[in-house]
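I would like to see how this sequence folds:
(chains A and B)
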Protein chains: 2
Amino acid sequence: MLLNKNFYVGIDLGGTSIKLGIIDQSGNIIAQQESPTPSQRYEETLDLFVEMINKTGIPLREIISIGIGVPGFVDIEKGFIDILVNVGWENANLKEDLEAKINIPVFVNNDANLAAYGEVWQGAAKGAKNVICVTIGTGIGSGIVIDGNIYHGNNGMAGEIGHLPINPISGHLCNCGKIGCLETEASATAIVNYAIEVIKRGKKTIIPENPTTKDIFIAAKNGDEIANEAINNAAYNLGLALAQISHALAPDIIVIGGGVSKAGEQILAPIKDYFQQFSLEKLNKQTKIVLAKLENNAGIMGAAYYAMVKVKQ
Amino acid sequence: MLLNKNFYVGIDLGGTSIKLGIIDQSGNIIAQQESPTPSQRYEETLDLFVEMINKTGIPLREIISIGIGVPGFVDIEKGFIDILVNVGWENANLKEDLEAKINIPVFVNNDANLAAYGEVWQGAAKGAKNVICVTIGTGIGSGIVIDGNIYHGNNGMAGEIGHLPINPISGHLCNCGKIGCLETEASATAIVNYAIEVIKRGKKTIIPENPTTKDIFIAAKNGDEIANEAINNAAYNLGLALAQISHALAPDIIVIGGGVSKAGEQILAPIKDYFQQFSLEKLNKQTKIVLAKLENNAGIMGAAYYAMVKVKQ
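Just a heads-up that it's a prediction; the model follows:
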């Protein structure tokens, strides 16, 4: 009897939650699971992966391979992880350990890379060859796809644009110890901090105390000057940084994702304006800048696609 | 009788001169020719290519393929060139026309790309996978090699880092119409202009009137403050721009070539210092920044290698 294996598993391991999808080769999500991430309990987390698959009702024998995106650096050949600060793992032999448990091929990569891969497979950059996929949330990260493949760079350091020096003279101090990294000037955190700083100087505003990024986008829509300044400042730094990168990489398309991208045109339009201002005309005309499409599913989609591509190699 | 074809021709077409080399598959230059570029005379230039090959004494039947680097954008599939401002060509069907004349496969690419390819094949980046090769002369250009292959980007626009917006607020006006492009802030021209500007303000200096870049490097060696400032300013902008690009690309190695690189450590050392200042520690530690090795031969070497790789595809 011939068993037809039909599905790939995509797992998106985050600091607070694990997302898991059973996905077919056409990119349809057959089933989904979500669960809080057990902190600092590696073995338990592997068991949870298996449990989450079982909960979908899809039998293990139907699964061809498993892809996992993790928030940190991965030795992608070995599927080995030195350290995952947000999850509390150290020296984790993830590929080997999960394969031993489940007897299905496992492939591990960085979560930003796999989110980019997901957008290229089924999302906003579908079919594009050269893509930068920027995630703007608490921090800023990116995944780069070149010629349809995830580009890792030397030691997997490609796409670390959160630390691109955008304002190294008069910017803010970053966790990394440098001044004016892109994520200190343009992340969700940066937008909130910018507003708080200006409010402290006594300017009038409708932004509430201890604001979220969402509060600031709402205030901006209602004409609040400080809120608009805070958003404009982030967009300026993003547009400039993306122009700088694009004069080297000349991507087909830049995808803007992450929490801040939920503001839609309110953040996209000024990023595009600044990108245009700072780019050669030819480059600006040919570079599409768009919002991410898969949102919370980019990670599982990219992980499943990675599992599909790698198992065929 | 079996004819053994042994050689590749590499041609470096510049605005002022044509360099041509007969090169074997191990990268040995068997013979070389140089000739002034006939301006705006396309047909004559093609005949000159053939004449230059003949002058080397190597019979055409020994030549497997020909690579040509040109100073502008190329449709690399067709070997077609819209316009070469420096050479005075328009709508040139270079591949087709030269192949018709000589009956040997011809492959055309951009000169900066091929110089980078040369350095990866036989020069300062020998054997490296991911490389940025920057040429600092009158302007600034670069060639990018990813996974051992020339990276072209969308419409061949990759590597246009001369127009990377490095100082878009308080920089100089560029020919492209924008403010503070890297080449207005860090090219040979920029170094000279910086010195002239400061001298005009009446500062004491040993830099001669109407200085060349070389004059400025000599004055700097002799302790001249303005000269050192001019060089430091260029190195600052180069170090910062390379750090910005590298947070996206994470290359193994950055090669610094072009006229300004002849100053050796005098320009390399401060570029490295600023790169370090503006980079994540891990990125800085793993990214080598070195001087180009092939100098004037990078173009012919890369063109010959390109001819070799393409003819095998």
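
now A:G15: how far from chain B?
21 Å (Cβ to the nearest Cβ, to the nearest Å). For every residue, glycine as well, the C-beta is placed using N, CA and C.

would you mind giving the secondary structure of that residue?
For A:G15, the secondary-structure state derived from DSSP: H, G, I helix; E, B strand; the rest coil is coil.

residues near the one residue in the stretch 201-313 of chain A that gets nearest to chain B, how many?
The nearest approach of the stretch 201-313 of chain A to chain B comes at A:A250, 2.9 Å away (Cβ to the nearest Cβ). For A:A250, the count of nearby residues is 24 (other Cβ atoms under 10 Å in any protein chain shown).

go on, the one 4 residues further on?
When neighbours are defined as other Cβ under 10 Å, A:I254 has 24 of them.

I'd say it and A:T287 touch.
Yes. Using Cβ atoms under 8 Å, A:I254 is in contact with A:T287, at 6.4 Å.

between these two, which contacts overlap?
Residues touching both A:I254 and A:T287 by Cβ atoms under 8 Å, 6 or more residues apart in numbering or on different chains: A:S246.

before we move on, the earlier item: let me know the distance separating the residue of the stretch 201-313 of chain A closest to chain B from A:N130.
Between A:A250 and A:N130 the distance is 7 Å, computed by Cβ to Cβ, to the nearest Å.

now swap in A:L238 and tell me
19 Å.

which of the two has more neighbours?
Applying other Cβ under 10 Å to A:L238 and A:N130 shows that A:L238 carries more neighbours, namely 29 against 23.

so what's the spatially most central residue of chain A up against?
Closest to where the C-alpha atoms of chain A average out (Cα atoms, centre = their mean) is A:A112, at 3.9 Å. Counting by Cβ under 8 Å, 6+ apart, A:A112 touches A:C133, A:T135, A:G141, A:S142, A:G143, A:G159.

before we move on, what about A:G177?
B:E281.

how about 6 Å then?
Neighbouring residues of A:G177 by Cβ atoms under 6 Å, 6 or more residues apart in numbering or on different chains: there are none.

how about A:A235?
A:P270, A:I271, A:Y274.

how about the residues of chain A that lie near chain B?
A:146, A:153-155, A:157-158, A:160-161, A:163-165, A:168, A:176, A:243-245, A:247-250, A:252, A:278, A:280, A:283, A:286 (Cβ under 6 Å from any Cβ of the partner chain).

show me which of those residues are buried.
A:146, A:153-154, A:157-158, A:160-161, A:163-165, A:168, A:176, A:243-245, A:247-250, A:252, A:278, A:280, A:283, A:286 (16 or more other Cβ atoms under 10 Å in any protein chain shown).

show me these that map onto strands.
A:I146 (DSSP state E).

these two touch, right, the residue of the stretch 201-313 of chain A closest to chain B and B:G156?
No. Taking contacts as Cβ atoms under 6 Å, A:A250 lies outside contact range of B:G156: 7.9 Å.

for chain A, what's the longest helix?
If you go by DSSP state H, chain A has its longest helix at helix A:225-249.

just after that one, pick out the following helix or strand.
strand A:253-257 (DSSP states H and E).

note down every partner strand of that next one and its orientation.
Looking at strand A:253-257 with DSSP bridges, its partner strands are strand A:131-136 (parallel), strand A:288-291 (parallel).

want to throw these into CSV with mean neighbour count?
Output for these, formatted as CSV (neighbours: other Cβ atoms under 10 Å in any protein chain shown):
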stretch, mean neighbour count
strand A:131-136, 29
strand A:288-291, 18
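
can you list these in a markdown table and add distance to A:P38 and mean pLDDT?
A markdown table is the format used below for those (distance: least, Cβ to Cβ, whole Å; pLDDT from 0 to 100):
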| stretch | distance to A:P38 | mean pLDDT |
| --- | --- | --- |
| strand A:131-136 | 24 | 97 |
| strand A:288-291 | 33 | 98 |
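
just put the ones you listed in CSV and tack on distance to A:A116.
Listed next are these as CSV, based on distance: least, Cβ to Cβ, whole Å:
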stretch, distance to A:A116
strand A:131-136, 3
strand A:288-291, 13
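
with that, I have no additional questions.
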